[in-house]
Structures are given as C-alpha cells and as structure tokens.
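# here is my input; please provide its structure:
(2 chains)
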Protein chains: 2
Amino acid sequence: MSSPMSSPMSARRIARLQQPFAMRLGGALQAGEIAFETWGAPNAARDNGILIFTGLSPSAHAASSAQDVAPGWWEDMIGPGRPFDTGRWFVVCVNSLGSCYGSTGPASIDPDTGQPYQLRFPVLTVEDIARGGHEVVRSLGLGSLAVVAGPSLGGMSAHACCALYPGFARGLISISTGVRSTPFAIALRSLQREMIRRDPAWADGDYSPDAPPISGMRLARKLGMITYRSADEWQLRFGRERASLGRRSGDPFGIDFEIESYLEAQAAKFVGQFDANCYLYLSRAMDLFDLAEHGGSVSAALKRSALQRALVIGVETDLLFPLAGQRELAKGLIQAGVETRFEPLASIQGHDAFLVDMERFRPVVDEFLRGL
Amino acid sequence: MSSPMSSPMSARRIARLQQPFAMRLGGALQAGEIAFETWGAPNAARDNGILIFTGLSPSAHAASSAQDVAPGWWEDMIGPGRPFDTGRWFVVCVNSLGSCYGSTGPASIDPDTGQPYQLRFPVLTVEDIARGGHEVVRSLGLGSLAVVAGPSLGGMSAHACCALYPGFARGLISISTGVRSTPFAIALRSLQREMIRRDPAWADGDYSPDAPPISGMRLARKLGMITYRSADEWQLRFGRERASLGRRSGDPFGIDFEIESYLEAQAAKFVGQFDANCYLYLSRAMDLFDLAEHGGSVSAALKRSALQRALVIGVETDLLFPLAGQRELAKGLIQAGVETRFEPLASIQGHDAFLVDMERFRPVVDEFLRGL
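As a prediction, the model looks like this:
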C-alpha cells in the first residue's frame, strides 16, 4: 500500500464527480472527487480501456510510472509485457470512493462545514464506489471498457459496475471476491469494526487526525492479516519458532512466538497509513453488498450485465471468499451466457494471494487478456 | 458453561494440592486447590476411573447429579446408559488449575498477601493443569485410570497427563485437540489476549472484581465464537438474514445482520461469568504447550505414555485444530504401539462440535468405551 506521503512524486490525477453525487442509501456529496492513475494510452477507437478497482486498503498507485517510480501494489501485473500490458491496454486504477488516498471519504473536508466528514459522511455502498469508477472512465473520454477488474472489494466493485451499467464493460476479471459476503466474513469484519469503535480514542468517530484510535486499528489490522493469509502458509513460514527477542521484560503477556512478531510488524506498518473512519465505511460496504439487489437475483444481475467474457479466479485457502463461492459465480456467469473461464488456484497465501503469488496469478490473467 | 452462582445446589468437591505446588515454569502455590465433581463410583479394584479435563472455559460441572440437577456442559455424554456410562465407570471431571470455578487461579486469594493473585500468579502450563488432575485422582484413592479424556485444552491436558505419568492411564480419548498449537491458532489466541490487555479497564491485570475489562472480554469472546464454529454452519443458520431489530438508532455502525446479533448475545452471556486474567493464563497455556518437550519429540512422548488404547476424534471444519493434525496424531499413536482408532467427523459445527453435535460424538465415544 502506498501512502499519500510515501513518495515525493505523484502520478495521481483527480476526477470531479457530478454534483451533487447522490449516494445509494441516502445523502449526497457536494464536491466529490475520485483519485486515479493511468498507464498506457487510449487507442484510436478508445475501446482498449481496463478499469481496476482495488481491495479495501490500497491507493490508486497500482504500478510505477515515469510520474511516480515507486512500486505500486500490483507492480508485477501492470506494465509493458506484463499481464495488463500497457503497450496494448489503457489501464486505469481508481482509489475507491470513501478511501483516504485522494478520493472523497470520511476523512475529507465537508464543504458544508469546513470540517472532516467523519461519521457525517453518508453510508457508503459498493455501488457508490462503482459509480465513482464509472465517472472516472467517462471523464477520460471512454464510452465503454474492454475489461473491468478487481480483487476482493475491488471485485465486488467490478461486479457492481457491470450490474449498474449494462454493456459498459465487455470483459470482467473477478479475483478472490464474491457477489455477496458470507456470514463468516461479515462476523470477522463486524468484529474488526467493533475493535476500532471500542477504542476510547475513536471518540464516536470524532477523533482528531493527530490522535487516531491506534489501539483499535492495530487489533483490526492483526485480525485482518490473520484472515488474509492461511494456516498452511504460517505453518511453513513460522511453525512454532520463538520470537528472537524472547519475552519482553516487564510484560508478562508479551510476545512469545515469531508469528506474533510478524503480526505486530504488520499492524505497526498499517497504523498511521489508513484512516479509521474510512476503514469502517469501506468495511461495512463489503458486508452490505448483495448483487442480487440488481434485478432480484444474482443470475438476473449477471444476465443484465451483458458481459461477453469473464475470468473468475479463486484461491483454495481463501477464508473470506471460499473457492466454492467462486465456482458458483463462474457457473452463474456461464448460465447468463457469458463465455467464462474459472481458475481455482492452489496458492497457500489465502485471500491475499493475488498480491503475492505472482507465479500463479500472472499467467492466468495474461492468457485471458491475450485472448481478447 | 456453569457459573459458580448459577445453581444453589453444588456437587463441587475440593482437593488440596501438595504444598507447596511447584509450577513448571517457576513459582509455587502455597494453598492450591482443584475443584472437581464425580459421577458413578469406584469398583472394588478401583480401576474403573475416567478423568475428564475440560476446554478453556467450562467448570467441573460436566453433568447433572443428585447433588446438582442443573445440566452440565457435557450432559448428553455422562450418565447411566450414556457413553461415559456411570453404571460402569467412575467419572471425574476437574476444573483446570488457573480457572475460576473453584480451582486456584489468578482470581484466587494469594495467602501471602490476602489479595487476588492477578498477574502475580505464576505462569501456567498445560502440564500444571495435568498435575492438578492427577492429584485429584490420587486423592480419590485411585492408583491408575481406565481412561483420561478431554476436548480442546482438555485434550492437551490429557496428553500432558499421559506424558508426565507413564502407565497412569490405560486409555486416552483425544478430542479436537493437538499435541501443540499451530501458528494460526496462536495468532488468534494472542490477538484475543491483546484485546483484553488493551482494554483500559484491564489496568495491567489489577482491575477490581466489580470493574472487569468487559469491553476486551466481549471482543475476545466474539473472536472465540468465530473460530469455534464454522463458515458452513453460519451460512446455513444465518445466511445474510438481517437483524430483526434493524440498525440501532443513533449507532451508525450498529448491528445489521443476524450473525452480528448472535455474536452479541454470546459475548453478553460470557462476560461476567469468566475472569479476564484466568482467561489470559489458560489461553497462553495452550500456546505454550508442546508435547515434544517430553522426551525430545512427539513420538518419544507418545511412546513413554505406555498407553494401551486410544481414540482420536477430529472434525472436518475445525479451524483451530485441523483434521490433518488429528490424523498425524493418530498415526503417531499407532507408531508408538498404541491400539488407536481415528474418527474424522463430518460435523459442520467446527471446533465446538463436541459440545453440540451429539449425534456424531456419542456413538463414537460409546463404542470405544464399550470395547474396553
């Protein structure tokens, strides 16, 4: 994840949303903006656009470019000769509406008050995120997309985009995601949100930017990491290795095991990079999403998307979006008349495999995009 | 789980530990006690004893009796004609050392100070719990056991008992447990402990009994429930059903889904019944346990137990003690020369199946015990 301050360079561009931007469950944004980056260029027919939505926490900086040489969160996927080949495709990645890396969200200033929105930000849905991405693409002068793609929350946003704008995208790449969340995933995210909300520093959402609910965010990030990876991976990486520093003196319940040190380091990295209220809003959006609300059923929603081709990738060890769900999704797309390829991957990195198991993900995405 | 105050009747008995009771990792208890209950009676040879260790949170009240008619935590398992048939077996269940249902633990009064031990309680290990159980059995005039049994932490305690006292038990029933914890389970429990420790009310362990760290305990219990059951069960039970009361007014991040109401109810039930420091000590004991410390390897430890027969039960959907681990354990017992039956159960209730899926557990335990 790239923080806004992590690089003195920036390839970030800003698109203004239509004003007012009415939110799906009520309320409106008066001066909404979406941050995005692009790689490659539109062709003459302006039909080579690929829109990428991100997971919950990344910025739009998916890959490096001349304007920002810092590696992006999907660096190995995007560029000349890479699966999202920028010699052929015009790739656009958007920072989700509700996030804190340039797009309007709970940490942004509410023009009505001159103060950060905090909990006065309207309820955010995946559909609102999808609409934000759609407006960016339109602002770039593209009437349609070759492909809309996304992992995790980004995959939900891609599905929402297809349902909201039939025919807008010809192709879909759905990665480690679902058309709705399972109660198990809802339980985990609900608990992560509660960890933040029960931190006294959260102050009912009205914390000052320099005194955020660090303790709650650390706990939530640790639980996130536990659910993003897999038990098998940790068995191989850590086993029962003892932490190198041993039990911290003066802390009888300090760190004993290397796995605890790893989580501690991951949490420390995350805290201070992501706004707590933005996290709450994006997390809840995932729980609320249900593609069946578009047309009365998932199959109706998939049919109205008018997609031509789809690639559905799932991972065997994914706790949040189990493989069986991806298989059902692929079947649904086929029943909806979409030429669909289903790729179950044997990665042991769980839900996060799309960020780290490039050996498995790259060829699958590459082959699909070459075939278009 | 039965709280000490839940019933005006009590079948609880108390055994005094040898004094001082030296703890495995240092420190000693001056007036240590173990609470226990019994069902059935010793036979003339005094060789029909079965010792049951419990999971992390239950008391010794595993089943009702004339002295306490309240149903116990394993009510369907223990009694006349039930798998632990009290017409034949003399069944003993102990409250773990370190717990708060009558046995000495961090919430007990330290005779040296007249105040609760809190964090001045010595580090607790599974071996200390096993020794406590062993002393209870000896105090009842039994020189050996027909079977030592336990689920989860209780299974670890049973394994430790076999390793510490070779030949003491002829049979073993190992349920949804392991001879060491995986890094995945350690990560989850470490996070649960951190939730409690980061609650300001925890006060570095020095909270007063009437102002415990409720918020941290609620979070820890919710994470516990998430890991004790399975995604499949919740899909069937809750799906995406909305909470009957709808979004709580005035709480924008209140409960949306039925699964969240369920966790809320479970957490509310737990808080106030279990002491936070006891929870921390018992939880850490599970992480620290490694049977290989007895003899240099797991196989050496299993061999020195001198067990004759073993039953190993695991559940397909158990996140904390995955089935593959139970299979390895059963293989290890066979290699150690123990006549072993391995029973993988298709329960969808996850780690907690031994408490609820009686249809599957009862016949398996019944058949094993009848065969002795």
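
# so for A:Arg247, what's the pLDDT?
Looking at A:Arg247, its pLDDT reads 55.

# over to A:Met9?
Model confidence at A:Met9 (pLDDT) stands at 79.

# quick one: distance of the one helix or strand A:Leu369 maps to to the chain centre.
A:Leu369 belongs to helix A:358-370 when assigned by DSSP states H and E. Centre-to-centre, helix A:358-370 and its host chain are 19 Å apart (C-alpha atoms, centre = their mean, to the nearest Å).

# contact partners of it?
For helix A:358-370, contacts defined as C-beta atoms under 8 Å, 6 or more residues apart in numbering or on different chains pick out A:76-77, A:82-85, A:89, A:147, A:171, A:173, A:175, A:309, A:311, A:313, A:341, A:343, A:345-347, A:353-354. Heads up, the C-betas are built off the backbone N, CA and C, glycines and all.

# now stretch A:291-305
By C-beta under 8 Å, 6+ apart, stretch A:291-305 touches A:159-160, A:162-164, A:166, A:169, A:172, A:179-180, A:332-333, A:335-338.

# who touches the residue in the stretch 251-372 of chain A that chain B sits nearest to in this structure?
Here the stretch 251-372 of chain A gets closest to chain B at one residue, A:Ile259, 4.0 Å apart by C-beta to the nearest C-beta. A:Ile259 makes contact with A:234, A:238, A:241, B:183, B:186-187, B:190 under the criterion C-beta under 8 Å, 6+ apart.

# poorly predicted segments of the stretch 51-200 of chain A, please.
Under the criterion pLDDT under 70, no range of the stretch 51-200 of chain A is flagged.

# alpha carbons only: can I get stretch A:360-370 in CSV?
Output of stretch A:360-370 as CSV, limited to C-alpha atoms (Å, rounded to 0.1, in the frame of the first residue of the first chain):
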residue,chain,number,x,y,z
ARG,A,360,0.2,-18.4,-10.3
PHE,A,361,-1.8,-15.2,-11.0
ARG,A,362,0.3,-13.6,-13.8
PRO,A,363,-0.1,-16.4,-16.4
VAL,A,364,-3.8,-16.8,-15.8
VAL,A,365,-4.6,-13.1,-16.2
ASP,A,366,-2.1,-12.9,-19.1
GLU,A,367,-3.7,-15.7,-21.0
PHE,A,368,-7.2,-14.2,-20.6
LEU,A,369,-6.2,-10.7,-21.7
ARG,A,370,-4.2,-12.1,-24.7
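
# list the buried residues in it.
Using 16 or more other C-beta atoms under 10 Å in any protein chain shown as the test for burial, stretch A:360-370 gives A:360-361, A:364-366, A:368-369.

# which pair in these has the greatest spatial separation?
The span of those, defined through C-beta to C-beta, is set by A:Arg360 and A:Leu369 at 15.8 Å.

# flag every residue of the stretch 1-150 of chain A that's near chain B.
Residues of the stretch 1-150 of chain A that fall close to chain B, judged by C-beta under 8 Å from any C-beta of the partner chain: A:119, A:123.

# the residue in the stretch 1-150 of chain A positioned nearest to chain B: what secondary structure?
Nearest residue of the stretch 1-150 of chain A to chain B (C-beta to the nearest C-beta) works out as A:Leu119 at 5.6 Å. Classification of A:Leu119 by DSSP: H, G, I helix; E, B strand; the rest coil places it in helix.

# neighbours of the nearest residue to it once chain neighbours are set aside, how many?
Excluding its sequence neighbours, the residue lying closest to A:Leu119 (C-beta to C-beta, 6 or more residues apart in numbering or on different chains) is A:Gly205, at 3.8 Å. Residues near A:Gly205, counting by other C-beta atoms under 10 Å in any protein chain shown, number 20.

# list phi and psi for A:Gly205.
Main-chain dihedrals, A:Gly205, degrees, to the nearest 10: phi 90, psi -10.

# gap between it and B:Thr113?
Distance from A:Gly205 to B:Thr113, counting by C-beta to C-beta, to the nearest Å: 43 Å.

# and for A:Ser10?
Counting by C-beta to C-beta, the gap from A:Ser10 to B:Thr113 is 61 Å.

# the two: who's more crowded?
Using other C-beta under 10 Å, the more surrounded residue of A:Ser10 and B:Thr113 is A:Ser10, with 16 against 9.

# hmm, A:Gln67 and that one touching each other?
Yes: counting by C-beta atoms under 8 Å, A:Ser10 sits close enough to A:Gln67 to count as a contact (6.8 Å).

# which residues touch the residue nearest to A:Leu119?
Counting by C-beta under 8 Å, 6+ apart, A:Gly205 has contacts A:106, A:118-119, A:277, A:280.

# format these as JSON lines; extra columns: neighbour count.
Below are the contacts of A:Gly205 laid out as JSON lines (neighbours: other C-beta atoms under 10 Å in any protein chain shown):
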{"residue": "A:Pro106", "neighbour count": "25"}
{"residue": "A:Gln118", "neighbour count": "18"}
{"residue": "A:Leu119", "neighbour count": "14"}
{"residue": "A:Asn277", "neighbour count": "26"}
{"residue": "A:Leu280", "neighbour count": "27"}
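
# many thanks, we can stop here.
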